[in-house]
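K.L.:
A structural model of the following input is requested.
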Amino acid sequence: KLGSAGLHGTLHSIFQSSDELPMLYLITCLLFLFAEHDAPQDQPNHPYLPLQLFGISLISTLIYYRFQQIYFVFLTIFSSELIALSLWSYKILNSRGNRISLTAKNLFKLSNFNLLCIGTPLWVFDMLDCKRVINFSNKLPGFFKGLTPHVVWHFTAGFAAYCAIACVCCARMDELNIPYEVNNIIGFIPVIKTKLTNRE
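P.N.:
Numbers count the residues shown, from 1 in each chain. Okay, here's the model as predicted:
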C-alpha cells in the first residue's frame, strides 16, 4: 500500500496510478488462484491462464493510462473485474460440494460482506458528499479528527482482500487434504495454520 500512502499523503496525481492499478492486479491474481485451487501438483488446470491474465492486465493498464483523468473509467474496469471475480469464485466454491470446507466458504462470505456491504457503500457516500464529509470529519475530537468514510473503506477493502486470500488458501489445502486450523487474532482476524508436522 505504498502507492496508496503516497497518493493520500501528497494528493499528487503522480501517485494515483500506484494506488489504483494494484487494485486491478490483485483481482487478476485472485482470479488465477481461484481457477487453479484444485489443480494437481505440477499440473495446472489452465496452462495458458497466466499469459491470458497478463494480457488482460496489460490491456487494463493501457486503458487506465489512456483515460486516467476520467475516474469513471477506472471504476468501470475495477467493478467489472470485481464482479467477475465474485461470480467465478462463488461458482467454484459451490461446485466442489463437500470438498470445500465451511471455513473457506465463511471466509469468502466475510470478504464479500466487508467489501460490498461496508466498504463500497462508504466509498460511494464519501465520493458523493465529499465536502460535507470533510467538514464533519474535521470536527471529530482527538485521534478521530479527519477520519472520513474513505479511511474506513481502506481498512475494509484491505481486510476483504486478506480474507479472500485466506479463503483460497483453505480451499487449496482442502483439495490437497492438508489439515489446518483457524485462529483469530484480536478476535476477528483469521490466521490459517497447517497441522502438519515437520516429518510430514
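K.L.:
So which residues of this structure form helices?
P.N.:
Under the criterion DSSP state H, the chain carries helices at the ranges 2-10, 16-35, 49-66, 71-95, 102-112, 120-128, 130-137, 149-175.
K.L.:
Turn the ones you listed into JSON lines, including mean neighbour count and mean pLDDT.
P.N.:
All C-beta atoms are positioned from the backbone trio N, CA, C, and that covers glycine. What follows is the helices of the chain, written out as JSON lines (neighbours: other C-beta atoms under 10 Å; pLDDT from 0 to 100):
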{"stretch": "helix 2-10", "mean neighbour count": "14", "mean pLDDT": "58"}
{"stretch": "helix 16-35", "mean neighbour count": "18", "mean pLDDT": "86"}
{"stretch": "helix 49-66", "mean neighbour count": "13", "mean pLDDT": "91"}
{"stretch": "helix 71-95", "mean neighbour count": "15", "mean pLDDT": "85"}
{"stretch": "helix 102-112", "mean neighbour count": "19", "mean pLDDT": "91"}
{"stretch": "helix 120-128", "mean neighbour count": "15", "mean pLDDT": "86"}
{"stretch": "helix 130-137", "mean neighbour count": "12", "mean pLDDT": "86"}
{"stretch": "helix 149-175", "mean neighbour count": "20", "mean pLDDT": "91"}
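K.L.:
so can I have CSV of the ones you listed showing distance to residue 187?
P.N.:
Shown next, in CSV, are the helices of the chain (distance: least, C-beta to C-beta, whole Å):
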stretch, distance to residue 187
helix 2-10, 26
helix 16-35, 26
helix 49-66, 36
helix 71-95, 25
helix 102-112, 13
helix 120-128, 22
helix 130-137, 27
helix 149-175, 13
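K.L.:
ok, residue 185 - how many residues close by?
P.N.:
8 (other C-beta atoms under 10 Å).
K.L.:
can you pull the contacts of it?
P.N.:
For residue 185, the contacting residues are residue 191, taking C-beta atoms under 8 Å, 6 or more residues apart in numbering as the criterion.
K.L.:
What residues are bridge-paired with it?
P.N.:
The residues paired with residue 185 through beta bridges, assigned by DSSP bridges, are residue 189.
K.L.:
ok, residue 122 touching residue 150?
P.N.:
Yes: taking C-beta atoms under 8 Å as the definition, residue 122 is a contact partner of residue 150 at 7.3 Å.
K.L.:
how about the helices of the chain, which one is nearest residue 186?
P.N.:
Evaluated with C-beta to C-beta, the helices of the chain place helix 149-175 nearest to residue 186, the distance being 12.1 Å.
K.L.:
Between helix 71-95 and that closest one, find me the angle.
P.N.:
Using axes from the mean of the first three to the mean of the last three C-alpha atoms, to 10 degrees, the inter-axis angle of helix 149-175 relative to helix 71-95 is 30 degrees.
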